[in-house]
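J.: Structure for this input, please:
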Amino acid sequence: LGGTGTEVLPFGAGMTRPEKLSGPSPEYTREALESRVQGTMIVKCVITIEGRVERCRVIKPLPHMEQAVMDALASSRYKPVTFQGRPVQVDYTFTLNLKLPR
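T.: Here you go, the predicted model:
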């Protein structure tokens with residue numbers, strides 16, 4: 001491995017799991033509420049060595065919720081992923097189970 005520390009690694013064996021430190025949960029949009037949208041949304045993002053979430057792309061969308069989820073992820077902070085004791089940038093897949101608020 002070794003290198004500049006700027007390369008993005010696929011998340012895998014031997015790495016610590018990212019731990020959310022702060023940030024909002026996705027806000028349900030009016031359209032999503034009216035359409036009674038719920039289910040699983042999958043988004044792949046880079047978690048930086050500073051714990052920021054960047055370069056997100058939707059793998060499995062949910063109608064009317066994509067921007068809300070992307071905004072929530074972008075403003076969240078995570079404990080950086082480590083590999084062999086050092087923080088690394090990783091390509092991480094977030095699986096979000098969205099349920100209608102009661």
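
J.: For the helix or strand that contains residue 9, what does the pLDDT average out to?
T.: Element membership for residue 9, per DSSP states H and E: strand 8-10. Averaged over strand 8-10, pLDDT sits at 95.

J.: ditto for stretch 74-94
T.: Averaging the model's pLDDT scores along stretch 74-94 yields 97.

J.: quick one, helices of this protein?
T.: Using DSSP state H, the helices found in the chain span residues 30-34, 66-74.

J.: Sort out which residues of the shortest one are buried, please.
T.: Within helix 30-34, the residues that qualify as buried by neighbour count (16 or more other CB atoms under 10 Å) are residue 32. All C-beta spots, glycine's among them, are computed from the backbone N, C-alpha and C.

J.: contacting residues around it?
T.: By CB atoms under 8 Å, 6 or more residues apart in numbering, the list of residues contacting helix 30-34 from outside reads 37, 62, 63, 64, 65, 68, 100, 101.

J.: One more pass at 7 Å, please.
T.: Residues outside helix 30-34 that contact it (CB atoms under 7 Å, 6 or more residues apart in numbering): 63, 64, 65.

J.: cool, the longest one as well?
T.: By CB under 7 Å, 6+ apart, the surrounding residues in contact with helix 66-74 are 23-27, 29, 41, 43, 45, 53, 56, 58, 94, 96.

J.: so how far is it from its chain's centroid?
T.: 9 Å (CA atoms, centre = their mean, to the nearest Å).

J.: related to what we said a few turns ago, show me which of the contacts of helix 30-34 are buried.
T.: Taking 16+ other CB under 10 Å as the criterion, what is buried in the contacts of helix 30-34 is 64, 65.
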